[in-house]
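Undergrad: structure for the following, please:
(2 chains)
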Amino acid sequence: MLEQLSFVVSVATVAGIYAILTIGLNIHWGETGLLNFGHVAFFAVGAYASALLTIPAPAQSDPYVFGFGLPVAFGLLGAAVMAGVIAVLLGMLTLQLREDYLAMVSIGLAEIIRYVMINENWLTGGVGGLYGIKRPFSDVVPGEFYGLFYLGIVLVAVAGCYVYSRRLKTTPFGRVLRSIREDEEVAKALGKDTFRYRMQAFVVGAIMAGLAGGLWAHYATALTPTAFAASVTFLTWVALIVGGSGNAAGAVVGAVLIIGFREATRFLPDIYGLGSIIPSLRLILVGLLVMAVIRYRPEGLVPERNVSYAEYLKRVGGEN
Amino acid sequence: MCVMTEHMSGVDRRTFLKSTAIVGVGTALAGCSGSSDMVTIGMLQPFTGEVSWVGESSEIAVEIAIEEINEAGGINGQEIELVTEDSEASQQTAVSAMRKLINTDGAVAIIGPTSFTLPAVMNIAQEEQVPQISPTAGTSELDDKGGEYVFRTSTSDSLGGKGMAYIADQTGHEEMAVMYVDNQGGRSFGKTVVEGFEALGGTVTEEIAVSPGKSSYRSELNKAFADDPSFVSLTCGTQTGKTIIDQWYEQDLGGVWGLSNDMQTGEFANQMGEKLEGSYAIGPLSAGDRYEQFADAYRAASDGEPQPFTAEAYDAMNIIALAAAAAGENTSAGIAENLIDVSAPDGTMVSDFVSGVEALDNGDGIDYEGASGPVNMDEKGNVRSPFGRYKSDGSGWQLDGEIAAEDLTF
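TA: All right, here's what the predicted structure looks like:
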């Protein structure tokens, strides 16, 4: 039974990591309207930060120079902090520009980060990457339950990001973000320093992506630059669009659905004569799913709900 | 953890899949698959994307080996069934695919994947104690890892790179420039050329990573030849290689080339003609008849020429089968324990499954020599194959010298 379960557990773990990425992207795009096409950059920074903080000091033959051997909790914290710092640096340059500039620059950032991963051997181990990354509590939790245990950690992180994201719907901060998304001039006219708010949203989303990166690093136990291709960004976008942007539940539903669907199609019957096209067929089915959703439910499977003023007041517990 | 006998009980996989496909992931909970007269081998390779040829061609090669083995009555009385999964050359996908092969399909051994995804799945093989034999991962990162559950029949990029440095040194060159295509394989190869040549006392004048598929490499060439190195090592595919060598010839920059195995094909040497005369290439030593025999079978099965790594994939399947035969049981543990034994050079030399089983039945130890070469695995699960030094005579590659695995221990 456990044997069979571990495939589902591994799919769920990967889906959970993508769900965190998607919630982060939802704060960028869904809540604030920041067109971020370089989400994988924060994912990568988080993964490498967490790996470098937790791997043991390098041996003579290793190309990299850092390795702090800290507990995994510090690694994940460092992942979030580093991703946030990168977001601040990028945000200072781009967030005052119109949104399409951010799209371009964020793609550029993702490429820069990828080339740093490939070229800076002293930091990242280059194309060879980093191996032997610790798994938290792996000496305490028995091997056969470890998959489930790690899934638990990922789910706690998903839940944390989800709860934060839900809170945005009722807080003044979230309200300002949505007003920026709808019409930045209006927000400005109300005296809001929109740059500051955009920056905060950008950093929060990046921190979530960094956390997802850290969780991926300790799950895979090895990192190479090939894990951080642009396709990660676009899969996250697909998840957000299918699930429904502007809505944390939509982000989670989208990520689980896209990853789950992609893996479930591995069980397509192996019809004789179709053998080698089955893998391609699977990906075509995922594409069809995306098209169907966009055609019939353009706002996603779990669309954002428009909240009336009265309902809003009720939610925040105000009078009248 | 499911004990091995459970893998061999339960429903037949095909029936299992057909009856439950619609339910999707939920089926994974249904029970161990694989039937009592079948043993499942998993294959994890990219079948989609730009390296999809790797999956397609190595599946053909593995199927050839499986057909031979099944015709001979299977391993320990069980026929082999191959289950393939697409890694999509993505690490995040490969993790789930690997889990499916081991946990849902009950594969006792995994063939694959490539250097792109191997880092993310190695720990699964280790954890689940299922041997994984990659015919396609050249990454030098694997040099000092593996051995217990992670093996490969492909040679490490670091050996090829050292071989290239050795060629330059043996042919009397003291200064070398190194050019390599900017991807994982190119870098891993190029870096070891540099390290190897410096270890041999040579000087590397320039090290240049080039992007593949450009229409002009003139500035890269000018940089590479700025200090007039007498030897330039080039690691890239044939398309990029052709452009670079054409433009080098146009500009009459001098020196000779040392080309990586990607370009060590008769077709390429012929196409480049006199431009390459006097240049070198490193390539596998032809395994002679054994390779030709495999190549014929491959042509018959696919109406195409064998691709790189196909002989390695064929050999991977054969040594898995022989290891299981040596163990007397089709279990992951049995295969993992015997893989190195059946490939290492002590025992009766055999070159296919049938003669291997005969020798084992006689109580002999065996040494499998396959289509890709001697396939001698060391304790870290790496093969150390000899290389050939090839020199162009203006129309083709001529074998100019042999490089034994022992020559490359610097």
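
Undergrad: quick one, longest helix in the chain?
TA: Since you didn't name a chain, this refers to chain A. helix A:194-220 (DSSP state H).

Undergrad: oops, I was thinking of chain B
TA: Of all the elements of type helix in chain B, the one with the most residues (DSSP H) is helix B:52-71.

Undergrad: any buried residues in it, and which?
TA: Within helix B:52-71, the residues that count as buried by 16 or more other C-beta atoms under 10 Å in any protein chain shown are B:52, B:54-66, B:68-70. Where you see a C-beta, it was placed from the backbone N, CA and C, and this is true even at glycine.

Undergrad: helices and strands around the longest helix of chain A, which ones?
TA: The contact analysis (3 or more C-beta pairs under 8 Å, 6 or more residues apart in numbering or on different chains; DSSP states H and E) places helix A:194-220 against helix A:2-25, helix A:39-54, helix A:72-94, helix A:143-167, helix A:172-182, helix A:184-189, helix B:91-99, helix B:118-128.

Undergrad: am I right that A:V232 sits in a strand?
TA: No: A:V232 is assigned helix when assessed by DSSP: H, G, I helix; E, B strand; the rest coil, not a strand.

Undergrad: just checking, it touches A:H39?
TA: Yes: using C-beta atoms under 8 Å, A:V232 is in contact with A:H39, at 7.3 Å.

Undergrad: shaky segments in the chain?
TA: You didn't pick a chain, so chain A it is. Within chain A, the segments meeting pLDDT under 70 span A:1-3, A:99, A:269-276, A:317-320.

Undergrad: please refer instead to chain B.
TA: For chain B, the stretches with pLDDT under 70 are B:1-36, B:286-287.

Undergrad: give the contact list for the residue in the stretch 251-400 of chain B that chain A sits nearest to.
TA: The stretch 251-400 of chain B approaches chain A most closely through B:S302 (10.7 Å), counting by C-beta to the nearest C-beta. With contact set as C-beta atoms under 8 Å, 6 or more residues apart in numbering or on different chains, B:S302 has these partners: B:S57, B:I60.

Undergrad: repeat that for 10 Å
TA: With contact set as C-beta atoms under 10 Å, 6 or more residues apart in numbering or on different chains, B:S302 has these partners: B:E56, B:S57, B:E59, B:I60, B:A61, B:E63, B:I64, B:T310.

Undergrad: ok, now how distant is the fifth one from B:A313?
TA: Distance, B:A61 to B:A313, by C-beta to C-beta, to the nearest Å: 4 Å.

Undergrad: overlap in contacts, the two.
TA: Listed as contacting both B:A61 and B:A313 by C-beta under 10 Å, 6+ apart are B:I111, B:P135, B:P306, B:Q307, B:A371, B:S372.

Undergrad: what helix or strand is the residue nearest to the last one when sequence neighbours are not counted on?
TA: It refers to B:S372. Using C-beta to C-beta, 6 or more residues apart in numbering or on different chains and skipping the chain neighbours, the partner closest in space to B:S372 is B:A311 (3.8 Å). B:A311 belongs to helix B:310-327 when assigned by DSSP states H and E.

Undergrad: name the next helix or strand downstream of that helix, please.
TA: Next element after helix B:310-327 (DSSP H and E): helix B:332-343.

Undergrad: ok and the residue in the stretch 101-250 of chain B nearest chain A?
TA: B:P119 (3.7 Å).

Undergrad: may I have the phi/psi pair for the nearest residue to that residue once chain neighbours are set aside?
TA: Nearest non-adjacent residue to B:P119, counting by C-beta to C-beta, 6+ apart: A:A222, 3.7 Å away. Phi and psi for A:A222, reported as degrees, to the nearest 10, are phi -150, psi 140.
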